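>>> Following is a predicted model, sequence given first.
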Amino acid sequence: MQIQLVRLRDARTNDVLHFPKVESLALGYLAGFLKSKGLEAEIIDEEVMGLQRKQTIESLQCNSDIIAFTAIAKSQIYSILEVIKELKKNGNKAHITIGGQFATFLFRELLSLENKFDSVVLYEGEETLFELANALNNEFDLGSIKGLAFKTFNGQIKQNPLRPLICNLDSLPFPARDTLPKVIENGGLPIISSSRGCYNRCSYCSISQFYSGPGGSAFRYRSAGNVLAELKHLKEEFPEISDIWFVDDNFVVPGKKGLERTAKLCRGIKDLDLGVDLNIYLRANQINGRLLKLLDECSVRSIFIGAEAGTNYTLQQIFKKNLSIEQTKRAIKLCGQRGINVDPGFIMFHPWSTLKEIESNIRFLEEIGQFTLYGIVSFLTAYKFTPIGKEMLSGERTYKKPIFKSKELIQDTVPYEIADEKAEVLLCLTLKAFEEFHKLPEQFAKLKQEIRKIRSINKEKAMALDKEWTIRVNAMNRQGMAFFKELFRFIKKADLNDKSIKPFFGHFKLKIRSYVAKESGEIENLTKN
Ligand code: B12
Ligand code: SF4
């Protein structure tokens with residue numbers, strides 16, 4: 001039984017170029033599990049392996065029994081559909097399945113597409129995919145596989161009972177790291193998962209929906225010992241790695257037992273003396289001086305904190321963050337005192353934004369002194385399957401519907417316009433004007449990749465460049481904020497029917513363009529040197 005596990009390049013490549021290069025941990029876990037059961041599993045990761053679409057299709061032409069795609073975003077689906085079409089045209093007879101968050105929530109829509117998917121693996125995939133392989137190999141009935149949705153011979157969609165979540169994460173084999181050498185060669189970094197799920201229920205987030213769907217504990221974590229063993233193994237296999245990203249939604253587990261586990265994990269990492277920097281996610285309410293000391297000692301250098309809003313009303317009533325802006329401010333200040341970098345995730349616009357609130361957001365971001373370009377221009381993606389999306393669709397939360405109906409093949413979000421006309425115009429103009437910026441985050445991502453590549457050869461040079469990188473990224477973010485404020489002030493005063501908007505905007509875009517051109521030249525020189 002030959003299984004090919006596939007991740008395709010995003011159809012909107014531009015949007016994702018600024019992300020760090022990472023493996024698909026989902027495919028790593030699936031491959032690790034299947035191999036531990038004696039099956040052959042090959043990972044084909046178009047992005048990481050640098051494959052052209054034609055090469056990907058050629059790789060999938062061999063005699064595999066199952067071709068299994070992963071998808072977390074709609075933009076990947078378009079690539080997947082294009083590839084399946086080619087495969088079918090070339091007579092490929094493999095069973096085609098798909099899994100991941102996007103596929104789980106939209107399995108009916110996916111299975112309804114003609115001649116595309118044979119099945120969808122819902123929620124956690126390890127055991128279900130293994131059973132699917134087993135069933136296909138032995139011609140068993142697919143109807144008995146928990147966690148599978150599939151198309152019957154007469155084209156009907158059948159959903160089997162769900163499979164409860166894996167209760168002991170330590171029982172899973174470590175993820176296969178087949179594509180990590182390529183990731184490292186390209187200046188990317190390894191990712192690791194020490195827990196699954198989340199114990200919160202923020203209204204816009206899919207995580208709690210995904211992990212509370214099938215039953216079992218929505219939040220599970222691996223023992224400190226198991227995570228430490230993986231870290232040790234990782235560093236032994238790949239001594240050149242200089243930083244690792246923990247993709248846990250919350251690195252710190254709450255409660256007495258959880259805090260003991262965090263302390264054990266941090267001390268263990270310190271004792272392992274890995275010589276790598278760690279990046280983690282935390283909620284602001286978990287941060288205190290004692291915790292930061294532990295994190296600092298085990299080389300946590302960057303923390304992503306979901307700040308999300310600059311007013312308590314939006315944070316608590318709309319985003320349901322169960323958090324206050326005062327807690328966020330305090331957490332960021334404490335991190336600053338320890339010299340730990342903070343990336344405050346932020347949602348500037350949402351369906352109920354007003355100019356007054358956006359002004360408070362600006363004030364908040366300036367006060368905490370940390371913001372990213374990504375945060376300034378961000379808007380709420382109201383996924384259909386999140387609490388907020390469901391409330392909008394059910395009418396529980398009213399919102400302004402756009403005049404034009406979306407012609408998307410699969411709709412995963414609730415399309416909306418901001419009810420406050422000026423805020424809507426500000427969002428549209430911000431998105432349009434900031435398109436000019438695209439080039440810079442991509443260049444910074446490339447420069448970071450180069451820095452990682454030289455770190456094991458010339459540590460001092462890498463450190464100096466890293467410092468320069470941080471200064472310049474911060475300068476770009478500050479400049480982004482200055483531009484955003486200029487646009488904000490203009491829209492606040494403007495009469496929306498006024499003819500002066502067009503010339504102002506033309507001039508404004510030119511200003512951004514000339515800033516980007518200058519900065520881009522300087523980053524290019526740094527990258528070359
Ligand atoms: C690392 C990460 C990334 C990385 C790598 C993404 C990747 N493709 O692997 C980068 C930085 C590139 C990224 C980008 C984006 N991300 Co991201 N990302 C994550 C993060 C933090 C961890 C993912 C992970 O490795 N989890 C661990 C693995 C083991 O879990 P898993 O992926 O769920 O896989 C399990 C199951 O889903 C299933 N499964 C998954 N795939 C398959 C395939 C098959 C065949 C089978 C059988 C089963 C299966 O089995 C796996 C094992 O049990 C998650 C948050 C989270 N905690 O999951 C967000 C998350 C997945 N990202 C998200 C989003 C929105 C994005 C972006 C769209 C953001 C943007 N604005 O552009 C882009 C999309 C880019 C792209 N085309 O991939 C959302 C997805 C929301 C949704 N659709 O429901 C999440 C949940 C964050 C959030 N809370 O909102 N992301
Ligand atoms: S946004 Fe973060 S804290 Fe909130 S539910 Fe999602 S993963 Fe949990």
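Everything's here; your move. Ligands and ions are numbered 1, 2, ... in the order given.

>>> Could you pull up the mean pLDDT of whichever helix or strand Met481 is part of?
For Met481, the host element (DSSP states H and E) is helix 459-493. In this model, helix 459-493 has a mean pLDDT of 95.

>>> and it, which residues are buried?
Within helix 459-493, the residues scored as buried using 16 or more other Cβ atoms under 10 Å are 462, 465-466, 469, 472-473, 476-477, 479-481, 483-484, 487-488, 490-491. C-beta here means a position set from N, CA and C on the backbone, and glycine is covered the same way.

>>> what do you get for stretch 255-262?
Neighbour-count burial for stretch 255-262 flags Gly258, Leu259, Arg261, Thr262 (criterion: 16+ other Cβ under 10 Å).

>>> how far is stretch 129-143 from where the chain is centred?
Distance, stretch centre to chain centre, for stretch 129-143: 31 Å (Cα atoms, centre = their mean, to the nearest Å).

>>> ok, and what's touching that stretch?
Applying Cβ atoms under 8 Å, 6 or more residues apart in numbering, the contact partners of stretch 129-143 are 1, 3, 30, 33-34, 37, 39, 65-66, 68, 95, 97, 99, 119, 121, 144-146, 148, 150, 158, 160.

>>> again, only using 6 Å
Met1, Ile3, Leu30, Leu34, Lys37, Leu39, His95, Val121, Ile145, Phe150 (Cβ atoms under 6 Å, 6 or more residues apart in numbering).

>>> again, but for stretch 181-189
The contact list for stretch 181-189, computed with Cβ under 6 Å, 6+ apart, reads Pro20, Lys21, Val22, Glu23, Val48, Met49, Asp243, Trp245, Gln449, Arg452, Lys453.

>>> Just give me the neighbour total for the nearest residue to the fifth one once chain neighbours are set aside.
It refers to Val48. Nearest residue to Val48 in three dimensions, chain neighbours excluded: Thr179, at 4.7 Å (Cβ to Cβ, 6 or more residues apart in numbering). Neighbourhood size, Thr179 [other Cβ atoms under 10 Å]: 22.

>>> again, but for Leu355
Neighbour tally, Leu355, other Cβ under 10 Å: 15.

>>> Then Ser208 would be within a helix, right?
Yes: assigned with DSSP: H, G, I helix; E, B strand; the rest coil, Ser208 falls within a helix.

>>> still on that earlier bit, looking at the contacts of stretch 129-143, which are in helices?
Counting by DSSP state H, the part of these found in helices is Leu30, Leu34.

>>> Out of the contacts of stretch 129-143, which comes closest to Ser195?
The closest of those to Ser195 turns out to be Leu30 (Cβ to Cβ; 18.2 Å).

>>> Distance check, the closest one against ligand 2.
22 Å (Cβ to the nearest ligand atom, to the nearest Å).

>>> do Ser195 as well
Counting by Cβ to the nearest ligand atom, the gap from Ser195 to ligand 2 is 11 Å.

>>> And the closest residue in space to that residue that isn't next to it in sequence, how close does it get to ligand 1?
Spatial nearest neighbour of Ser195, excluding adjacent residues (Cβ to Cβ, 6+ apart): Tyr221 at 3.8 Å. Between Tyr221 and ligand 1 the distance is 12 Å, computed by Cβ to the nearest ligand atom.

>>> what is the mean pLDDT for stretch 236-248?
Per-residue pLDDT values over stretch 236-248 give a mean of 95.

>>> Could you see whether ligand 2 lies near it?
No: Stretch 236-248 stays clear of ligand 2 (Cβ under 6 Å from any ligand atom), getting no nearer than 9.2 Å.

>>> Check which residues of that stretch are buried.
In terms of neighbour count (16+ other Cβ under 10 Å), stretch 236-248 has its buried residues at Ile241, Ser242, Asp243, Ile244, Trp245, Phe246, Val247, Asp248.

>>> what does that stretch rub up against?
Taking contacts as Cβ under 6 Å, 6+ apart, the residues outside stretch 236-248 that touch it are 189-195, 276-280, 452, 455-456.

>>> redo that, cut-off 8 Å
Counting by Cβ under 8 Å, 6+ apart, 20, 22, 25, 177, 180-181, 184, 189-195, 221, 231, 234-235, 275-281, 301, 452, 455-456, 462 sit against stretch 236-248.

>>> among the buried residues of stretch 236-248, which are within reach of ligand 1?
Applying Cβ under 6 Å from any ligand atom, the subset of the buried residues of stretch 236-248 adjacent to ligand 1 comprises Val247.

>>> So which of the buried residues of stretch 236-248 belong to strands?
Of these, the ones assigned to strands by DSSP state E are Asp243, Ile244, Trp245, Phe246.

>>> Which part of the stretch 301-450 of the chain gets nearest to ligand 1, residue-wise?
Closest approach between the stretch 301-450 of the chain and ligand 1, counting by Cβ to the nearest ligand atom: Tyr383, at 5.6 Å.

>>> So which bits of this protein are right by ligand 2?
Residues of the chain lying close to ligand 2 (Cβ under 6 Å from any ligand atom) are Cys198, Asn200, Arg201, Cys202, Cys205, Ile207, Ser208, Asp249, Arg283, Gly306.
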